[in-house]
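K.L.:
can you look at this prediction? I've put the sequence above it.
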Amino acid sequence: MKKLIQQLPLLFCFLSLISCKLDTEVSQKTVEGKEIAIDSTINGDPEIEEFIAPFKEHLNKTLDSTLAYNPHVLSKGEKGMNTGIGNLMADIVMEQANPVFKSRTGNNIDFVLLNYGGIRSELNKGAVTIRDAYNMMPFENQIVIAELSGAKVAQLLHYLEKSKSAHPVSGIQIKMDKSFKVISARINGKPIQPDQNYFVATSDYLQQGGDSMNFFNNPVNLYDIDYKLRNAIIDYFQKTDTIKSQRDDRFIKE
């Protein structure tokens, strides 16, 4: 027994060597993949198509139901620092979100800032539908209100100087010189005060730093009113007979 115990270390070493050899002899297998295109060449399942047909018909009927009338095309391709469609979207946020915000906090939204790239489609002349709202805003963005200090609003204006884009605004009037430097900025008709806080409505995407709008980081307070931007657009269309929106002097460059 004593001799057997003395030989155990040699046995363990031998077993370890065998194990290592077995590990190295494991063969490698090649995994191959291929791309399968999902397009019109693939035939649908007749039973599934028959099942979803009523739902598809109902959805299309809902999406294409007329909500309002638009007398002329609104496109973000217009030159200048504001566009008819951008002004419309910012004004919609102000009009639809402010009553909700005021009822919950007792405060009013001071101004709205959205992003130029967030407008995904123009609004054609004629009947305006729910589908148009989805085309304009296909994302699930929520409206939030960030309480910003006067210093943060100054950073916001500096951002607009650098971006040189027609970001939609409402409730604020901005004038730039030929080199895009802000020479005047007024909120609700009054100069911006460094020691005052302002309630700025925007999307949760932008408030979280989207489009590098980092001035929204660490606001004094942040309010989520549980209202999707797209739903605000739909609600506005539903209560509006004829849409009225055009370029104005809210955001201009000399």
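P.N.:
Looks like it came in fine. Numbering: from 1, shown residues only.

K.L.:
all strands for the stretch 1-150 of the chain, in order.
P.N.:
Taking DSSP state E, counting those that start in this stretch as the test, the strands found in the stretch 1-150 of the chain are 66-70, 111-113, 126-129, 142-149.

K.L.:
buried set for whichever helix or strand comes after the longest one?
P.N.:
Pointing back at strand 142-149 there. As assigned by DSSP states H and E, the chain's next helix or strand after strand 142-149 is helix 150-163. In terms of neighbour count (16 or more other Cβ atoms under 10 Å), helix 150-163 has its buried residues at Lys152, Val153, Ala154, Leu156, Leu157, Tyr159, Leu160. (Glycine included, C-beta is placed from N, CA and C.)

K.L.:
also stretch 245-254?
P.N.:
Applying 16+ other Cβ under 10 Å to stretch 245-254 flags Ser245, Arg247, Arg250, Phe251, Lys253 as buried.

K.L.:
show residues contacting stretch 138-149.
P.N.:
Residues outside stretch 138-149 that contact it (Cβ atoms under 8 Å, 6 or more residues apart in numbering) are 93, 97, 101, 109, 118, 120, 156, 196-205, 207, 215-216, 219-230, 232.

K.L.:
any stretches of the stretch 101-250 of the chain with poor pLDDT?
P.N.:
Within the stretch 101-250 of the chain, no stretch falls below the threshold (pLDDT under 70).

K.L.:
go again using 90 as the cut-off
P.N.:
188, 246 (pLDDT under 90).

K.L.:
now the strands of the stretch 1-150 of the chain as TSV including distance to Ile42 and mean neighbour count?
P.N.:
Shown next, in TSV, are the strands of the stretch 1-150 of the chain (distance: least, Cβ to Cβ, whole Å; neighbours: other Cβ atoms under 10 Å):
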stretch	distance to Ile42	mean neighbour count
strand 66-70	34	17
strand 111-113	44	25
strand 126-129	30	17
strand 142-149	36	22
